[in-house]
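K.L.:
Sequence plus the predicted model coming up.
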Amino acid sequence: MKPKTAAKKSSMRQPGRRLMIGGTMGFVLVTYGLFIFFPIVYGLWTSFYNWNPFRSQFEFVGLGNYTYVIQSPDFWLSLRNTVLFTIGALIITVVFSLLLAAMMQGVKKGMGFYRGAYFLPVISSTVATSMLWKFMFRYDDGLFNALLMQMGLSKVPWLQDANVALPVLMFVQAWKDIGYALVLILAGINNIDPSIYESAEIDGASKPRQFFSITLPLIRNTMTILIITKLIDYMQVYTPVKFITGGGPGTSTWTMSFYIFEQAFTYYNFGFASAVSFLLFAIIFVLSLIQMRFDKKEAD
């Protein structure tokens, strides 16, 4: 009789569990729809309107915003700066993280300390670190120009020269992300069977040869994830631009996210800013597909 009673109690609990799971799923779906899906749909809808809430202006213009965006020189300038920034920051991040991973691959003691030290910039406030870098790059009393003066060299207008300001932003962004890339790469390396390296050593392969012939091919999936995630992040870069250069000098460091912010919250062209946002989304989506397709062909 006891087993039957236990089975009966268990069957009575099933509707309650299903109700609880259904309630949880419903809450997740409502939250996702309210805070993610609805803003996306609403933003797409407003991109077809000339919307200025401070002038009570909400006029349907169809594809007029998209046409004006494509014809705007500022849009192409911001796209050019964004692409250059993304390429430069990606190269610096990937190259330095791979070099650090190669040097740390054989380290046994203190690995946790090194990981924590390199990962510290990742968890630091982007606003705070941007203000710190801005202070160090100042022309008159910045740290870097003070060091150059001590070495008998002339000062460099880091943030005042249109040819230098964007590379400075690339360096700052890469400095913040190298720790994330390093941890990801080391995790991929740790999944490689050590016997592969032992066989390579027996065959006389040097450490650099092992890294390029064994490590890099076997962490291809890790590198794909890293490149795609950073590609998405860098194409949307805003905070360092805002707090280090303010888009200057002139418009030399305008990125697409900064351009969107200026259009929306400086000129209150919210419909136009929405159109630029969806064009940015389309560009990131296409670049991600190209990267994944290229990586799949390389793997095949």
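P.N.:
Yes, it's here.

K.L.:
how about low-confidence regions in the stretch 1-150 of the chain?
P.N.:
By pLDDT under 70, the weakly predicted segments of the stretch 1-150 of the chain are 1-17, 19-20, 22-23.

K.L.:
Show me the helices in it, by range?
P.N.:
With DSSP state H, counting those that start in this stretch as the criterion, the stretch 1-150 of the chain has helices at 2-32, 38-46, 64-71, 73-104, 111-123, 126-136, 143-150.

K.L.:
burial measure for Glu201, as a count.
P.N.:
12 (other C-beta atoms under 10 Å). Placement of C-beta: from N, CA and C, glycine included.

K.L.:
Helix or strand for it, just tell me which one.
P.N.:
Assessed by DSSP states H and E, Glu201 sits inside helix 194-202.

K.L.:
returning to that earlier point: packed most tightly, which of the helices of the stretch 1-150 of the chain would that be?
P.N.:
The highest average neighbour count among the helices of the stretch 1-150 of the chain, using mean count of other C-beta atoms under 10 Å, belongs to helix 73-104 at a mean of 18.

K.L.:
the inter-axis angle of that one versus helix 111-123?
P.N.:
170 degrees (axes from the mean of the first three to the mean of the last three C-alpha atoms, to 10 degrees).

K.L.:
Now do helix 73-104 against helix 64-71, angle only.
P.N.:
Going by the same axes, to 10 degrees, helix 73-104 makes 70 degrees with helix 64-71.

K.L.:
Gly250: which element?
P.N.:
Judged by DSSP H and E, Gly250 forms part of no helix or strand.

K.L.:
Tell me who's in contact with it.
P.N.:
With contacts defined as C-beta atoms under 8 Å, 6 or more residues apart in numbering, Gly250 is in contact with Ala162.

K.L.:
try Gln236
P.N.:
By C-beta under 8 Å, 6+ apart, Gln236 lies in contact with Met256, Ser257, Leu280, Ile284.

K.L.:
got a winner among these for most neighbours?
P.N.:
That'd be Met256 among those, by other C-beta under 10 Å, with 26 neighbours.

K.L.:
on that earlier part again, from the contact counts, what lies against the helix holding Glu201?
P.N.:
Packing contacts for helix 194-202, counted by 3 or more C-beta pairs under 8 Å, 6 or more residues apart in numbering; DSSP states H and E, involve helix 207-210.

K.L.:
looking just at contacts, which helices and strands does the helix it packs on meet?
P.N.:
Checking 3+ C-beta pairs under 8 Å, 6+ apart, helix 207-210 ends up next to helix 194-202.

K.L.:
change it to 10 Å
P.N.:
Other helices and strands packing on helix 207-210, by 3 or more C-beta pairs under 10 Å, 6 or more residues apart in numbering; DSSP states H and E, are helix 73-104, helix 194-202.

K.L.:
Tyr42 reaches Gly271, doesn't it?
P.N.:
No: at 11.6 Å, Tyr42 and Gly271 do not qualify as touching, with contact defined as C-beta atoms under 10 Å.

K.L.:
How is this protein divided into domains?
P.N.:
2-46, 66-128+158-299 (automatic domain parsing).

K.L.:
Please state the offset of the longest one from the chain centre?
P.N.:
When C-alpha coordinates are averaged (C-alpha atoms, centre = their mean, to the nearest Å), domain 66-128+158-299 and its chain have centres 6 Å apart.

K.L.:
what's Phe54 in contact with, if anything?
P.N.:
Taking C-beta atoms under 10 Å, 6 or more residues apart in numbering, we find Phe54 in contact with Tyr268, Phe270.

K.L.:
Please report the distance of it from Tyr267.
P.N.:
Using C-beta to C-beta, to the nearest Å, Phe54 is found at 10 Å from Tyr267.

K.L.:
Centroid-nearest residue for this protein?
P.N.:
Asp233 (1.9 Å; C-alpha atoms, centre = their mean).

K.L.:
For the nearest residue to that residue once chain neighbours are set aside, give me its contacts.
P.N.:
Distances taken as C-beta to C-beta, 6 or more residues apart in numbering place Asp177 nearest to Asp233, at 7.6 Å, with adjacent residues excluded. By C-beta under 10 Å, 6+ apart, the contact list for Asp177 reads 89-90, 92-94, 96-97, 121-122, 226, 229-230, 233-234.

K.L.:
and which of these is nearest to Ile185?
P.N.:
Ranked by distance to Ile185 (C-beta to C-beta), those are led by Ser97 at 5.7 Å.

K.L.:
so who does Asp74 touch?
P.N.:
Thr251, Trp254, Tyr259, Glu262, Gln263, Val276.

K.L.:
could you list every residue that touches the fifth one?
P.N.:
For Gln263, the contact set (C-beta under 10 Å, 6+ apart) comprises 69, 72, 74-75, 269-277.
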